[in-house]
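Engineer: here is my input, please return the structure:
(chains A and B)
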Amino acid sequence: MKLSAIKYILLFLAQVAVWNYFNFTQYLWLVYLPALILCLPLEYGTVRAMVVAFLSGLAADFLVTGQLGMTSLALVPVALMRQSVVRLAFGSELFARGEDLSFHRQGWQKFLLCIVILTSIYLIIHIWVDGAGMYSLAFCAIKFGISLLVSSAVSMAIAYLMLERTGERWR
Amino acid sequence: MPRGQKTSSLFVCAATFILLEVAALALLHATSTLQDIWITRTSHRVMAFLWGSGETVRSQFQLDRLNRDLQAENARLQERLRAYERRDADQAELARMAEREAASYRYTPATVVKMSRNRTRNYIILNKGSEDGIRPQSGIISDRGVVGIVEAVDRHYSYGLTLMNPEMSVGARLGRTDVVAPLSWDGRGTGRAILRDLPPHYELTPGDTVRTSGYSTIFPPGLPIGVTGSARLVDGSTLQVEVSLFQDFAALRYVTVVENLERTEILSLEEKTEDAR
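Structural biologist: Next up, the predicted model:
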């Protein structure tokens, strides 16, 4: 099994552990699964990434809340938008050259942009569906803001961990 | 990447995305009550919006026809409204007439004490007299029509002539033609009378109802008398019509004396007019 796959599984389990054992506040939903999806190898096409996102979401829901479908519903659009966001942030040359994402080559700012966009997509859908129309817009907006801030920061570290070896390869 | 391959790739992406999202929604729908209610409510809202929009578009294309239908319905309703207004006006007029007619006549119930039926001049005696307000030249009627006229009044009894008198004549009106003619007894049967001096150009139908004309000062208009039978031409200039009377004199027991309260005023006016000539 590839190292990246092992990392993916371990970080995924860590995310499940965070959701199960760390309840910080109702205004914070700490999530870095979008970063994991972003860090999947670029050779994975959109369809494959969506399937991985769907299965990951399903497994997370099964292991955490039991509300099957909630995480998948928010994570599949992240996988759908992944290549477009990468093109937006890093340019098309990345795909033309067949390169993978690298912290060292592309710099952390572009990663941050990608992570913020993808995490926003995830959080918007998740907070909207999870609230089921019961919470006010202000509450949802505050929760979105705090969650985006914290999750993006954590996601940057996670993305660094995921792409560590890739970076070394291009050093 | 060739264009066709790119299009098919996009199509596969979109189809996979929709499939996975629908699967996620279905799972959520099945496993979470709160989200289940929310999804159902949202889907109802979306469906209502779609149906409402569709209906709005459809109704826009039908406005011409709806306008025509509304105009036609409006015309029909206006016609009905006018008919109701006319009917109300007619009813109000009839009510005024009936009220005036009721105020013009006084009705006194009486019982027949004695009555002849087999003479040339038949009479009737009633158990009500001047003390009961009965006046000479009042009409005697029953629920089946005209009976006779009061001729003389005592304190407790009245004497009248029945319709079975050749000299007695009642102004009558034929139902459909509305023509007015004098009606008198034919001197033979108890249930028959003759309607005389009818103009020959009227087409009379056997079975028409004959009623009082109201032209006399004795009987109110519209009292039933009988139905017409056969007609015949007399002297080549007038028609005579047989009338079967509703009144069965053999079974007569209770009557009503009807007095025209405006009779004196009418007669006085007639006399003045005669004197002036």
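
Engineer: make it CA atoms for all contacts and neighbour counts henceforth
Structural biologist: OK.

Engineer: quick one: which helix or strand includes residue A:101?
Structural biologist: Counting by DSSP states H and E, there is no helix or strand that carries residue A:101.

Engineer: all the helices of chain A, residue numbers only.
Structural biologist: A:3-21, A:33-38, A:46-63, A:70-90, A:93-97, A:103-106, A:108-131, A:137-162, A:164-170 (DSSP state H).

Engineer: just say which of the ones you listed is most tucked in.
Structural biologist: helix A:33-38 (a mean of 26; mean count of other Cα atoms under 10 Å in any protein chain shown).

Engineer: got the CA coordinates for it in CSV?
Structural biologist: C-alpha atoms of helix A:33-38 as CSV (Å, rounded to 0.1, in the frame of the first residue of the first chain):
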residue,chain,number,x,y,z
LEU,A,33,-11.5,16.2,5.1
PRO,A,34,-11.5,18.8,2.2
ALA,A,35,-7.8,19.1,2.6
LEU,A,36,-7.4,15.3,2.4
ILE,A,37,-9.5,15.3,-0.8
LEU,A,38,-7.4,18.2,-2.2
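
Engineer: which elements pack onto it?
Structural biologist: helix A:3-21, helix A:70-90, helix A:108-131, helix A:137-162 (3 or more Cα pairs under 8 Å, 6 or more residues apart in numbering or on different chains; DSSP states H and E).

Engineer: hmm, who's touching it?
Structural biologist: Helix A:33-38 is contacted from outside by A:8, A:12, A:15, A:49, A:53, A:75, A:78-79, A:82, A:114-115, A:118-119, A:122, A:155-156, A:158-159, A:162, using Cα atoms under 8 Å, 6 or more residues apart in numbering or on different chains.

Engineer: circling back to that earlier point, least reliable of the helices of chain A by average pLDDT, please.
Structural biologist: Lowest mean pLDDT within the helices of chain A: helix A:164-170, at a mean of 52.

Engineer: point me to the residue of chain A nearest chain B.
Structural biologist: Per Cα to the nearest Cα, residue A:69 is where chain A lies closest to chain B, at 4.1 Å.

Engineer: that residue is in contact with residue B:20, isn't it?
Structural biologist: No - using Cα atoms under 8 Å as the test, residue A:69 is too far from residue B:20 to be in contact (9.5 Å).

Engineer: compare these two and say which is more crowded by neighbours.
Structural biologist: residue A:69 (30 against 22; other Cα atoms under 10 Å in any protein chain shown).

Engineer: nearest spatial neighbour of residue B:157, skipping sequence neighbours?
Structural biologist: Nearest residue to residue B:157, sequence neighbours excluded (Cα to Cα, 6 or more residues apart in numbering or on different chains): residue B:129, at 4.2 Å.

Engineer: so that neighbour sits against residue B:154, correct?
Structural biologist: Yes - here residue B:129 reaches residue B:154: they are 5.3 Å apart, a contact under Cα under 8 Å.

Engineer: the more surrounded of these two?
Structural biologist: Neighbours around residue B:129 and residue B:154, counted as other Cα under 10 Å, are more numerous at residue B:129. The numbers are 20 against 15.

Engineer: tell me where the model's unsure across the stretch 151-277 of chain B.
Structural biologist: B:176, B:277 (pLDDT under 70).

Engineer: for residue B:271, give me phi and psi.
Structural biologist: Per-residue torsions, residue B:271: phi -60, psi -40 (degrees, to the nearest 10).

Engineer: who's in contact with the residue of chain B found nearest chain A?
Structural biologist: Chain B approaches chain A most closely through residue B:24 (4.1 Å), counting by Cα to the nearest Cα. Shown in contact with residue B:24 (Cα under 8 Å, 6+ apart): A:54, A:68, A:69, A:70, A:72, A:73.

Engineer: reformat those residues as TSV; add distance to residue B:201.
Structural biologist: Below are the contacts of residue B:24 laid out as TSV (distance: Cα to Cα, whole Å):
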residue	distance to residue B:201
A:54	104
A:68	101
A:69	100
A:70	100
A:72	102
A:73	99
